[in-house]
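Q: no sequence on this one, just coordinates:
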């Protein structure tokens with residue numbers, strides 16, 4: 001989902017800035033682009049219900065809006081960013097669809113089970129699971145990563161996918177064309193020296209996606225993933241120093257960080273019948289970086 005610059009090309013992209021994690025989209029300057037105003041829905045997800053983790057901001061918010069534009073009702077899960085979540089829900093409602101919000105820690109199995117059950121209670125069905133929530137804590141050395149951080153990162157980034165998928169499966173099996181889409185990262189393919197634990201979880205997500213797709217193929221449930229490169233989301237100013245934020249994304253071939261709306265279209269494609277012959281695959285909206293995967 002995110003990565004710092006890897007080369008000497010550190011052209012200024014935006015004002016240097018920082019904020020406390022997990023980050024607040026309303027405080028970012030400039031604000032991320034998430035509405036894709038020129039995008040016209042065509043009913044690709046009409047009548048479906050999607051559960052989106054990390055749906056309050058960034059890629060999750062942009063995905064929720066495009067899903068609504070395609071006819072889906074959505075449930076979003078977030079950690080603590082009430083203002084962002086309320087804004088996302090309001091925008092989904094303006095698209096003519098319903099949005100149900102849930103606040104809590106996805107690293108806890110009990111909460112993940114509650115998330116699914118509350119979604120079913122609210123909407124009566126579940127067709128699409130978007131495992132998108134993640135956290136990162138840059139460190140210069142593996143010696144700086146303590147046990148608490150390691151466990152926390154794995155719980156949020158990969159444990160939650162196991163917990164939610166297990167809870168969601170009985171409901172996904174009830175509907176033809178059910179899909180699961182996981183968010184991994186470019187760092188799963190080329191690594192990141194200062195995001196060791198984060199990159200490790202993202203590599204695990206790739207393996208999880210491929211293995212789960214084989215496990216669920218006979219049930220007709222497709223499982224795919226998206227591996228973004230540098231995307232301008234609240235994760236960036238809340239985890240990187242201001243000087244890194246200023247030039248974030250300038251080293252990719254397209255010369256800039258991507259916007260959440262440029263990633264959300266991948267989720268629409270993988271969640272809809274447009275990708276009906278794809279499972280176990282990963283899409284790479286990363287600004288042109290070749291990952292050979």
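A: Thanks, I have it. What you see is a predicted model, and the numbers here were worked out from it, not measured in a lab.

Q: Could you pull out the buried residues of the helix or strand of the chain with the lowest mean pLDDT?
A: None of the helices or strands of the chain scores lower by mean pLDDT, DSSP states H and E than helix 242-247, at a mean of 88. Within helix 242-247, the residues that qualify as buried by neighbour count (16 or more other C-beta atoms under 10 Å) are 244, 245, 246, 247. The C-beta positions use only the backbone N, C-alpha and C, and glycine is treated the same way.

Q: Helices of this structure, start to end?
A: Listed in chain order, the helices found in the chain under DSSP state H are 58-69, 82-94, 109-123, 147-154, 160-172, 187-190, 196-216, 242-247, 260-271.

Q: and those helices, which one is worst for confidence?
A: Note on these: helix 242-247 shows the lowest mean pLDDT, a mean of 88.

Q: from the middle of its chain, how far away would it be?
A: Chain-centre distance of helix 242-247: 22 Å, with C-alpha atoms, centre = their mean, to the nearest Å.

Q: and the closest residue in space to residue 163 that isn't next to it in sequence, what does it touch?
A: Sequence neighbours aside, residue 112 is the residue nearest to residue 163 in space, at 3.6 Å (criterion: C-beta to C-beta, 6 or more residues apart in numbering). By C-beta atoms under 8 Å, 6 or more residues apart in numbering, residue 112 lies in contact with 106, 160, 163, 164, 167.

Q: Which one of those residues is nearest to residue 204?
A: The nearest member of the contacts of residue 112 to residue 204, counting by C-beta to C-beta, is residue 160 at 11.9 Å.

Q: Name all residues that make contact with the closest residue to that closest one other than its chain neighbours.
A: Nearest residue to residue 160 in three dimensions, chain neighbours excluded: residue 106, at 3.9 Å (C-beta to C-beta, 6+ apart). The neighbourhood of residue 106, defined by C-beta under 8 Å, 6+ apart, consists of 53, 77, 79, 112, 115, 133, 155, 156, 160, 163, 164.

Q: Mark which of those residues are buried, thanks.
A: Of all these considered here, the ones buried according to neighbour count by 16+ other C-beta under 10 Å are 53, 77, 79, 112, 115, 133, 155, 156, 160, 163, 164.

Q: Local confidence estimate at the first one?
A: What it means is residue 53. On pLDDT, residue 53 comes in at 98.

Q: Just to check, it is in contact with residue 160?
A: Yes: using C-beta atoms under 8 Å, residue 53 and residue 160 qualify as a contacting pair, with a distance of 6.8 Å.

Q: what is in contact with those two at once?
A: Shared contacts of residue 53 and residue 160, defined by C-beta under 8 Å, 6+ apart, comprise 106, 131, 133.

Q: from these, which single one is nearest residue 11?
A: Using C-beta to C-beta, residue 133 comes nearest to residue 11 of the shared contacts of residue 53 and residue 160, at 30.6 Å.

Q: so that closest one sits right up against residue 80, yeah?
A: No: Residue 133 sits out of contact with residue 80 when judged by C-beta under 8 Å, with a separation of 12.0 Å.

Q: re earlier: what's the least confident helix or strand of the chain packed up against?
A: Under the contact definition 3 or more C-beta pairs under 8 Å, 6 or more residues apart in numbering; DSSP states H and E, helix 242-247 sits against no other helix or strand.

Q: gap between the nearest residue to residue 22 once chain neighbours are set aside and residue 257?
A: Spatial nearest neighbour of residue 22, excluding adjacent residues (C-beta to C-beta, 6+ apart): residue 79 at 5.5 Å. Relative to residue 257, residue 79 is positioned 23 Å away (criterion: C-beta to C-beta, to the nearest Å).

Q: Then residue 287?
A: Residue 287 sits at a distance of 8 Å from residue 257 (criterion: C-beta to C-beta).

Q: What of residue 137?
A: Going from residue 137 to residue 257 by C-beta to C-beta gives 20 Å.

Q: repeat for residue 241
A: If you measure residue 241 against residue 257 using C-beta to C-beta, the figure is 16 Å.

Q: Looking at these two now, which is surrounded by more residues?
A: Each of residue 241 and residue 257 had its neighbours counted (other C-beta atoms under 10 Å), and the higher figure belongs to residue 257 (25 against 12).

Q: What is the neighbour count of the closest residue to the more buried one other than its chain neighbours?
A: For residue 257, the nearest residue in space outside its immediate sequence neighbours is residue 249; the separation is 2.7 Å by C-beta to C-beta, 6+ apart. Other residues within reach of residue 249, judged by other C-beta under 10 Å, total 25.

Q: how about residue 249, what does it touch?
A: For residue 249, the contacting residues are 5, 13, 229, 230, 231, 232, 256, 257, 258, 287, by C-beta under 8 Å, 6+ apart.
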